[in-house]
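[1] Give me the fold of what follows.
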Amino acid sequence: QVQLVESGGGLVQPGGSLRLSCAASGFTFSSYVMSWYRQASGKEREFVAVLLSADGEPTYADSVKGRFTISRDNTKKTLYLQMNSLKPEDTAVYFCKAVSWPNNYWGQGTQVTVSS
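    Reported below is the predicted structural model:
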């Protein structure tokens with residue numbers, strides 16, 4: 001059974017940091033392209049960051065570049081998103097995604113709220 005379980009979300013003040021995790025099971029994690037997306041209330045889901053492999057170059061959305069860092073640990077089958085200098089506009093449900101054609105898996109999401 002394929003599972004992607006996000007954790008680490010919560011309430012944080014502007015300028016603060018959070019580290020999200022996405023624990024994977026039921027598929028060959030190291031063979032999948034892993035990414036983070038987010039969806040703010042009333043808005044469409046948007047791309048945040050992607051990492052093709054553990055030693056590959058990450059790609060980020062312009063809105064998070066320089067503040068967020070995506071990483072993965074293939075041994076632990078876990079994807080991470082370190083989020084620094086958080087802004088209120090980062091408030092959203094954050095989802096991890098695993099892709100290896102033709103498979104496409106999503107987690108259930110974790111809420112991140114940035115507010116004073």
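[2] Tell me the bridge partners for the residue nearest the centre of the chain.
    Nearest residue to the geometric centre of the chain (CA atoms, centre = their mean): residue 36, 3.2 Å. In this entry, residue 36 is beta-bridged to residue 49, residue 96, by DSSP bridges.
[3] Tell me who's in contact with the closest residue to residue 2 other than its chain neighbours.
    In space, and not counting its chain neighbours, residue 2 is closest to residue 26: 3.9 Å by CB to CB, 6 or more residues apart in numbering. C-betas here are computed from N, CA, C, even on glycine. Contacts for residue 26 (CB atoms under 8 Å, 6 or more residues apart in numbering) come out as 1-3.
[4] Quick check: the gap between residue 26 and residue 92.
    According to CB to CB, to the nearest Å, residue 26 and residue 92 sit 26 Å apart.
[5] Could you do residue 21 as well?
    For residue 21, the distance to residue 92 - CB to CB - is 17 Å.
[6] Settle it for me: which of the two has more neighbours?
    Just comparing residue 21 and residue 92: by other CB atoms under 10 Å the higher neighbour count belongs to residue 92, 22 against 17.
[7] In the protein, where is pLDDT below threshold?
    Within the chain, the stretches with pLDDT under 70 are 54.
[8] Strands of this structure, residue ranges please.
    3-7, 10-12, 18-25, 33-39, 46-51, 59-60, 68-73, 78-83, 92-100, 103-106, 110-114 (DSSP state E).
[9] what about residue 5, neighbour count?
    Neighbour number of residue 5 under other CB under 10 Å is 14.
[10] pretty sure it is in contact with residue 77, am I right?
    No: contact between residue 5 and residue 77 fails when scored by CB atoms under 8 Å: they sit 10.7 Å apart.
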